[in-house]
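Q: predicted model and sequence follow; I will ask about them next.
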Amino acid sequence: MCTAFVSIEPGAAVPVLLLSVRDEYLGRAWLPPDHHWPDRPGLLGGLDLAAGGTWLAADPERRVAACLLNGFGPAAPAGTRRSRGVLALTAVQEGGIGHLDLTPHDPFHLVVARPDGARVTSWGGGRLEERELPPGLSVVLNDGLEGLAANRTASERIRALMAARAEHFRARLEAAPRPEPHGDGPVERAWGAWLPIVTGDGLPLDDDAALIQRRDFGDGRIWGSSSISLLALGADRLRYDFAPAPVPAGGGAWRRVAPGPDRHGGS
């Protein structure tokens, strides 16, 4: 149950803000953002060690970022099925994924953010949809943009959890002063009133509305939030802040991801 919020204010100093929370079975191994792909040396992202791809990729030079959410719907044919982890990398490097044959991929929603806006590409059931996001705050869930994808979960419980999360955090983010992260200052200064909200807003990890969560769905494995990414896209730079989830009360887990090959910057 990954979640992405996108704030677009065309006249702001930093027009586009992207919040991405990755949810996954907690036993799935990963590495934090870095230049993990020698064939794509300019790209940054966390590395999924199971499949070699990523859930979020950024190109600091082009000032483009893309985050991937799993969707619902018919699975890809078993004989030709491929990981979706390459899609965010391709989107930021090649400007999109509309030229790809998507039939080997299970359903997904891909958010591509640029300094002048953002769009959501959704694939499921053999159908591709692309939507440019309007100004203001939008939410993308596993049920798609605003939870209105053509293919949605059949589980009333999962649908209720996504709706509760979207309602709570949309209201909280809209009520807080919108940050304008720029420069190389600490994460607390960059993201201001948004930071305690995106780290969970004080909700228990098992609350129905929890953004940072832990869920036991009864199969012996724990599903939950593994990381939080905050990206700011402006005309002259891309800022990328990252933390494993849940973030400790002191906030010391946050790192500013450096755009160059010298790995991570400090918080």
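A: That came through, no problem.
Q: phi, psi of the most far-flung residue of the chain relative to its centre?
A: Relative to the C-alpha centroid of the chain, counting by CA atoms, centre = their mean, residue 79 is the outermost residue, at 28.7 Å. Taking degrees, to the nearest 10, you get phi -70, psi -20 for the backbone angles of residue 79.
Q: show me what the longest strand along the chain is packed up against.
A: When the chain is parsed with DSSP state E, its longest strand is strand 222-233. Helices and strands touching strand 222-233, as assessed by 3 or more CB pairs under 8 Å, 6 or more residues apart in numbering; DSSP states H and E, comprise strand 16-25, strand 30-34, strand 64-70, strand 108-114, helix 187-191, helix 194-198, strand 214-216, strand 238-244. Backbone N, C-alpha and C define where each C-beta goes, glycine included.
Q: so which of the ones you listed comes closest to residue 139?
A: strand 16-25 (9.4 Å; CB to CB).
Q: list the neighbouring strands of that closest one plus their orientation.
A: With DSSP bridges as the test, strand 16-25 is paired with strand 3-8 (antiparallel), strand 222-233 (antiparallel).
Q: follow-up on the earlier one: ranking the helices and strands packed on strand 222-233 by mean neighbour count, which comes first?
A: Mean neighbours per residue, mean count of other CB atoms under 10 Å, is largest over the helices and strands packed on strand 222-233 for strand 64-70, with a mean of 25.
Q: which helix or strand lies directly C-terminal to that one?
A: As assigned by DSSP states H and E, the chain's next helix or strand after strand 64-70 is helix 87-94.
Q: buried stuff in that following helix?
A: 87-93 (16 or more other CB atoms under 10 Å).
Q: repeat that for stretch 168-184.
A: Buried-residue list, stretch 168-184, by 16+ other CB under 10 Å: 168-169, 172-173, 179-181.
Q: TSV for the residues you listed, including pLDDT and secondary structure?
A: Converted to TSV, the buried residues of stretch 168-184 look like this (pLDDT from 0 to 100; DSSP: H, G, I helix; E, B strand; the rest coil):
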residue	pLDDT	secondary structure
168	98	helix
169	98	helix
172	98	helix
173	98	helix
179	97	coil
180	94	coil
181	95	coil
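Q: just these now: which is nearest residue 12?
A: Nearest to residue 12, judged by CB to CB, of these is residue 180 at 6.2 Å.
Q: now do the closest residue to residue 64 other than its chain neighbours, the pLDDT please.
A: Among residues not flanking residue 64 along the chain, residue 92 sits closest, at 4.7 Å (CB to CB, 6 or more residues apart in numbering). Listed pLDDT for residue 92 reads 97.
Q: so how far is residue 152 from residue 92?
A: With distances taken as CB to CB, to the nearest Å, residue 92 is found 27 Å from residue 152.
Q: go on, residue 83?
A: 23 Å.
Q: okay, these two: which has more neighbours?
A: residue 152 (19 against 14; other CB atoms under 10 Å).
Q: hang on, the more buried one packs against residue 143?
A: Yes. Contact criterion CB atoms under 8 Å: residue 152 and residue 143 qualify, at 4.4 Å.
Q: got the contact list for residue 102?
A: 123, 128 (CB atoms under 8 Å, 6 or more residues apart in numbering).
Q: one more time with 6 Å, if that's ok
A: residue 123 (CB atoms under 6 Å, 6 or more residues apart in numbering).
Q: tell me the SS of it?
A: coil (DSSP: H, G, I helix; E, B strand; the rest coil).
Q: need the buried residues of stretch 168-184 in JSON lines with distance to residue 48, can you?
A: Shown next, in JSON lines, are the buried residues of stretch 168-184 (distance: CB to CB, whole Å):
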{"residue": "168", "distance to residue 48": "28"}
{"residue": "169", "distance to residue 48": "25"}
{"residue": "172", "distance to residue 48": "29"}
{"residue": "173", "distance to residue 48": "27"}
{"residue": "179", "distance to residue 48": "28"}
{"residue": "180", "distance to residue 48": "31"}
{"residue": "181", "distance to residue 48": "26"}
